[in-house]
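this one's structure only:
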């Protein structure tokens, strides 16, 4: 099994930056991909950025060019993925979640979610 914990959220003015962390623990070598999602009040949860174990990154249109997701970094007996967010806008305000997609055997995968970290951008 895999567990993930997010950190690094906070309040920032528009144009500022924040760096979120997703720390994965457990059987981290089974992880296929780690993704960041966000959910604003009254809206559905939406994907922001994804990094695969092979180093492939994908971004949403809103994140492309402003956010950067790191490769898997081995630290603290687990794996961490960072999301560097620059040029933040008020519309980036949301609860940001980390999601890990991992193999439970050779044929099947599961996902697990963290509790979220709040990002608030004031204009």
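On my side now, so go ahead. Keep in mind the model is a prediction, meaning the values are calculated, not measured.

can we go C-alpha only for contacts and neighbour counts from here?
Will do.

Residues touching the lowest-mean-pLDDT helix or strand in the chain, excluding its own?
Ranking every helix and strand in the chain by mean pLDDT, DSSP states H and E puts strand 73-75 at the bottom, with a mean of 91. Contacts to strand 73-75, defined as Cα atoms under 8 Å, 6 or more residues apart in numbering, come from residues 79-81.

And the helices in this structure?
Shown for the chain, no helices are assigned by DSSP state H.

so where's it uncertain?
Regions of the chain meeting the criterion pLDDT under 70 are absent.

residues near the closest residue to residue 67 other than its chain neighbours, how many?
Distance criterion Cα to Cα, 6 or more residues apart in numbering; nearest residue to residue 67, sequence neighbours excluded, is residue 85 at 4.4 Å. If you count neighbours by other Cα atoms under 10 Å, residue 85 ends up with 19.

Go ahead and confirm residue 85 touches residue 17.
Yes - applying Cα atoms under 8 Å as the test, residue 85 and residue 17 come out as touching, 5.4 Å apart.

which neighbours do those two share?
With Cα under 8 Å, 6+ apart, residue 85 and residue 17 have no common neighbours.
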